[in-house]
Each structure stands twice: as structure tokens, then as C-alpha cells.
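K.L.:
When you get a sec, could you give me coordinates for this:
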Amino acid sequence: MDEAEFLRGRVYGADHDDAGPRPDRAYAELVGGPLDGLLLDVTDRADQEPGEVELTTEIGRYGPGGRTLYARRPTDTTRFDWRGDAPGTP
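P.N.:
Numbers count the residues shown, from 1 in each chain. Model (predicted):
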């Protein structure tokens, strides 16, 4: 199993021992980029909110402390598309 396959269907930011989705939460899938296939908890987000998120990741272009940027897909609020990576703050 490769890293991408291992991450698919897991929730971003969840504890590694219990990273699966929970039935009482709402999720959107991250599409593309280093977090492709992970689920993002959007339970407290309104569908009308501008859906841009900046997520910390070690597996993006900038390595540990780097960030990756995703935006809600206008035609499908259950998906966030990758927009690029950014360096972390010093």
C-alpha cells in the first residue's frame, strides 16, 4: 500500500489511531495536491462560505511546516480542489 492509498478516506487532522470519518460529522474530500483523498471536517461551515482553507502538511512542496491551499469547488460543495503549496511561517 502506498502513501496515497493509505491516506484515502482518512480525516485531515484526526488522531492516527482513529482517523476514520464519524457519522455525526460532515466532510468534504480534498482533491489533488499532497492531501488528495483526505476528508476535511466541514461540519461547522456553511455551504455559502467562501471555502478556502490553508492546511499544514509535511508532505507538500515545502516539507515540514509547509502549507497547502484548497478551495471549495463551486459546482460541488463536497469537494475542495488543490490550489498550490506555500512555505510555512518562519
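K.L.:
out of all of them, which strand in the protein is the longest?
P.N.:
With DSSP state E applied, the strand covering the greatest number of residues in the chain is identified as strand 76-86.
K.L.:
buried sites along it?
P.N.:
For strand 76-86, a neighbour-count test (16 or more other C-beta atoms under 10 Å) marks 77, 79, 80, 81, 82, 85 as buried. Heads up, the C-betas are built off the backbone N, CA and C, glycines and all.
K.L.:
possible to save those residues as JSON lines with distance to residue 61?
P.N.:
Converted to JSON lines, the buried residues of strand 76-86 look like this (distance: C-beta to C-beta, whole Å):
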{"residue": "77", "distance to residue 61": "27"}
{"residue": "79", "distance to residue 61": "21"}
{"residue": "80", "distance to residue 61": "18"}
{"residue": "81", "distance to residue 61": "17"}
{"residue": "82", "distance to residue 61": "11"}
{"residue": "85", "distance to residue 61": "4"}
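K.L.:
Out of these, which comes closest to residue 65?
P.N.:
Taking C-beta to C-beta as the measure, residue 65 lies nearest residue 85 of the buried residues of strand 76-86, at 11.5 Å.
K.L.:
and the closest one, how far is that from residue 68?
P.N.:
According to C-beta to C-beta, to the nearest Å, residue 85 and residue 68 sit 5 Å apart.
K.L.:
One more: residue 29?
P.N.:
Distance of residue 29 to residue 68, given as C-beta to C-beta: 14 Å.
K.L.:
Settle it for me: which of those two has more neighbours?
P.N.:
residue 68 (23 against 18; other C-beta atoms under 10 Å).
K.L.:
For the residue lying closest to residue 58 once chain neighbours are set aside, the count of nearby residues, please.
P.N.:
Nearest non-adjacent residue to residue 58, counting by C-beta to C-beta, 6 or more residues apart in numbering: residue 64, 4.6 Å away. The burial count assigned to residue 64 is 10, neighbours taken as other C-beta under 10 Å.
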